[in-house]
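Trainee: I would like to see how this sequence folds:
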Amino acid sequence: MTMVTLLATISTIIAFTQKRWLATMRQSTRPIKRWAGAILALVGVWLLLSAWHPEWFVGLFPSP
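Mentor: Residues are numbered from 1 along each chain as shown. Take a look at the predicted model:
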């Protein structure tokens, strides 16, 4: 398991399984906290996909 896969798995698990944390985000009067949770989840999923299928993301970051 590479470091990218490990980080992606951890961030995705945190984003999707912490129900109390997510409930707190939903009840928050500040929408920035909700967006932070959503962004964390999207980053986790994106890292997970890029670890499993790097060929999908080759064009996004060309080699120098």
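Trainee: where along this protein do the helices fall?
Mentor: Taking DSSP state H as the test, the helices found in the chain are 3-17, 19-27, 31-52.
Trainee: if you average pLDDT over each of the ones you listed, which comes out lowest?
Mentor: Per-stretch mean pLDDT for the helices of the chain is lowest at helix 19-27 (a mean of 59).
Trainee: Any idea how many residues pack against Ala8?
Mentor: Using other Cβ atoms under 10 Å, Ala8 has 21 other residues around it. No exception for glycine: its C-beta is placed from N, CA and C like everyone else's.
Trainee: Enumerate every residue touching it.
Mentor: Neighbouring residues of Ala8 by Cβ atoms under 8 Å, 6 or more residues apart in numbering: 44-48, 50-51.
Trainee: Which among these count as buried?
Mentor: For these, a neighbour count by 16 or more other Cβ atoms under 10 Å gives the buried set as 44, 47-48, 50-51.
Trainee: Would you format these as JSON lines with distance to Thr9 included?
Mentor: Shown next, in JSON lines, are these (distance: Cβ to Cβ, whole Å):
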{"residue": "Gly44", "distance to Thr9": "8"}
{"residue": "Leu47", "distance to Thr9": "9"}
{"residue": "Leu48", "distance to Thr9": "7"}
{"residue": "Ser50", "distance to Thr9": "13"}
{"residue": "Ala51", "distance to Thr9": "9"}
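Trainee: Run through the residues that contact Met3.
Mentor: By Cβ under 8 Å, 6+ apart, no residues touch Met3.
Trainee: That one and Ile10: what is the separation?
Mentor: If you measure Met3 against Ile10 using Cβ to Cβ, to the nearest Å, the figure is 11 Å.
Trainee: Please apply the same query to Leu42.
Mentor: Applying Cβ to Cβ to Leu42 and Ile10 gives a distance of 15 Å.
Trainee: Check Ala38 too.
Mentor: Per Cβ to Cβ, Ala38 is found 17 Å from Ile10.
Trainee: Glu55 now?
Mentor: Glu55 sits 24 Å away from Ile10, going by Cβ to Cβ.
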